[in-house]
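*Asks:* coords below, sequence missing:
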């Protein structure tokens, strides 16, 4: 979960606070209560397929799939079916039953791309390899808050461990929870929990 730019220039600059609101809107769309544990098997197999992305001109359906891919997960545009797809590798899909934080984070990360970067996903399909390589070569030229990977990481952390839920945990403990306590409470990795503690200072609650 590097802080350096790893993606391409997003269409929109986003702050931690704005991404927190987007993540909460998606949780609301899925009917998730603030401190409710997320059933990622249900989310992947059923809830995602009820999601759609509204653009200025159309409503785009979202579907989930399991494919033989090298990555843990991938968000992509299917031009033939005119839909956005969140694809898991077979290993990541099987890891869902084990409750492994890495596969949960991967789904939330790619969901962030679908929600925030749908226009980029659609555009990338129409570009040739040379044009895509040029996009990635220029990734050091944009600020971090415009980086697609940074934004998706921030979304994933906010979706998995909402800031308001951490505040409730803080009130219960009467102190700021530790990395270990956040990891246990929200079933996230220590890396994600540490990331949350770090960016929580930047989120307006």
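*Replies:* All right, it came through fine. Quantities reported herein were computed from a predicted structural model and do not represent experimental measurements.

*Asks:* by contact count, what packs against the helix ranked longest in the chain?
*Replies:* What stands out as the longest helix in the chain, according to DSSP state H, is helix 101-116. Applying 3 or more C-beta pairs under 8 Å, 6 or more residues apart in numbering; DSSP states H and E, one finds that helix 101-116 contacts helix 16-29, helix 40-42, strand 73-78, strand 83-89, helix 90-96, helix 118-126, helix 148-160. In short, each C-beta sits where N, CA and C put it, glycine included.

*Asks:* quick one: buried residues of it?
*Replies:* 101, 103-116 (16 or more other C-beta atoms under 10 Å).

*Asks:* ok, now stretch 81-91?
*Replies:* Result for stretch 81-91 [16+ other C-beta under 10 Å]: buried residues 84, 85, 86, 87, 88, 89.

*Asks:* Could you list the low-pLDDT ranges of the protein?
*Replies:* By pLDDT under 70, the low-scoring segments of the chain are 1-5, 128, 130-140, 201-205.

*Asks:* okay, how far is it across stretch 161-179, tip to tip?
*Replies:* Start to finish, the residues bounding stretch 161-179 are 12 Å apart (C-alpha to C-alpha, to the nearest Å).

*Asks:* Quick one: residues in contact with it.
*Replies:* 20, 23-24, 27, 34-35, 181-182, 185-186, 188, 190, 192-194, 196-197, 200, 203, 205 (C-beta atoms under 8 Å, 6 or more residues apart in numbering).

*Asks:* Kindly recompute the last result at 6 Å.
*Replies:* 20, 34-35, 185-186, 188, 190, 193-194, 196, 200, 203, 205 (C-beta atoms under 6 Å, 6 or more residues apart in numbering).
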